[in-house]
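**Student:** Sequence and computational prediction follow.
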Amino acid sequence: MTINWNSKVLKSVSDMMSEAKHLKINDNNIEEVSDWLAYEEFTFPKNNDRKIDPDNFIRTTMLINTLNFAFTDFDNSIKYEITRNGNKLSDSEAMFTQIHEAIDSGINLLDGEVQAGLTFQDLENIFKGNIEMPMLQERKDILNQVGQKLVNSYEGDWINFINSCPKKLYSNGEGLIEKLISEFPRFNDSSSYKGKDIHFYKLAQLAFWGIHGELSHSNYFNIEDINAMSAFADYIVPVALKVMKIVEYSEDLNEKINNGILIERDSEEEIEVRAASLFATAKLTEAVNLRRPANKTIIIPQLDYRLWKSYHATHHPHHLTYTIMY
């Protein structure tokens with residue numbers, strides 16, 4: 001499948017990369033990494049082991065991606081973790097588990113009215129880990145706002161929102177991403193860089209990728225323009241690209257990351273780190289596909305998942321930004 005470089009996200013980040021001054025992309029290392037990465041197995045994330053019905057899977061995925069941000073303490077860089085059956089679960093995997101535990105206990109977190117009425121104490125009870133989950137107040141406020149919008153416009157149900165859109169990410173303003181970011185501002189993940197609008201849409205894309213990856217095999221939910229999707233600009237993929245020496249940071253930026261110094265939201269450094277991860281993963285996907293048979297080509301989110309799965313629990317430092325977007 002050919003990458004759509006003219007998609008809203010990829011076009012905006014690729015147009016700015018020539019102006020980046022805090023990092024650079026090492027094209028030679030993209031080629032070197034793809035020489036071995038091309039022969040690995042690339043899977044789709046599997047989250048539906050519980051055999052819940054497709055509609056509830058969609059509801060749960062939208063809920064999770066409403067909350068899927070900031071799992072590292074901003075003061076001491078300790079990552080949020082829980083232990084279940086002797087296994088440590090970090091960041092979003094921990095949250096995913098605890099959301100299901102809350103639902104199993106009788107809290108109908110999938111209902112917009114319930115989300116709209118949640119308190120800080122409710123979330124404290126649901127999310128108990130090695131540390132207090134970072135930005136818990138922000139999570140409460142977001143859930144209240146999103147829940148109220150669901151109640152007001154979609155009878156409290158994400159399925160009604162999904163059914164109001166074509167199964168495309170972009171479709172003259174009515175696509176899944178377009179409508180999500182316009183009606184639910186918490187998903188409108190964009191920044192301004194030297195007067196240009198840069199679009200990331202991390203959580204919006206990740207939500208629909210999760211649903212597509214799980215349900216497309218049954219044709220219940222199949223995104224028609226999946227090649228318009230980029231990687232998901234977070235904290236983890238930049239670490240993988242740095243370890244692989246595909247993205248190289250300036251000495252100053254490197255020092256900030258290694259010492260846990262906050263990088264401001266919408267600063268040049270933060271925007272460049274995120275943009276470089278999207279640009280580099282797209283280039284790496286192209287290089288990988290050149291080395292694979294036509295019937296085994298991958299799409300960018302599969303590469304993203306391969307990198308995230310390998311590095312999300314790593315002790316390697318990542319940049320820290322106080323934001324609800326990732």
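**Tutor:** Structure received.
**Student:** Was I right to think residue 179 contacts residue 164?
**Tutor:** Yes - contact criterion C-beta atoms under 8 Å: residue 179 and residue 164 qualify, at 7.2 Å. (C-beta placed from N, C-alpha, C; glycine too.)
**Student:** In terms of neighbours, single out the busier of the two.
**Tutor:** The residue with more neighbours, out of residue 179 and residue 164, is residue 179; 18 against 13, by other C-beta atoms under 10 Å.
**Student:** can you confirm the more buried one is in a helix?
**Tutor:** Yes - assigned with DSSP: H, G, I helix; E, B strand; the rest coil, residue 179 falls within a helix.
**Student:** From residue 111, how far off is it?
**Tutor:** 21 Å (C-beta to C-beta, to the nearest Å).
**Student:** is it true that residue 192 lies in a strand?
**Tutor:** Yes - according to three-state DSSP, residue 192 belongs to a strand.
**Student:** which other helices and strands contact the lengthiest helix in the chain?
**Tutor:** Identified as the longest helix of the chain according to DSSP state H is helix 268-290. Using 3 or more C-beta pairs under 8 Å, 6 or more residues apart in numbering; DSSP states H and E, the elements in contact with helix 268-290 are helix 8-16, strand 23-25, helix 27-37, strand 190-193, helix 236-243, strand 247-249, helix 251-258, helix 300-311.
**Student:** right, and those - which one's nearest residue 77?
**Tutor:** Nearest of these to residue 77, taken as C-beta to C-beta: helix 251-258 at 10.4 Å.
**Student:** mind listing what's buried in that closest one?
**Tutor:** 253, 256-257 (16 or more other C-beta atoms under 10 Å).
**Student:** Kindly indicate which of those lies nearest residue 83.
**Tutor:** Nearest to residue 83 out of the buried residues of helix 251-258 is residue 257 (C-beta to C-beta; 27.9 Å).
**Student:** so residue 87 bridges to which residues?
**Tutor:** residue 84 (DSSP bridges).
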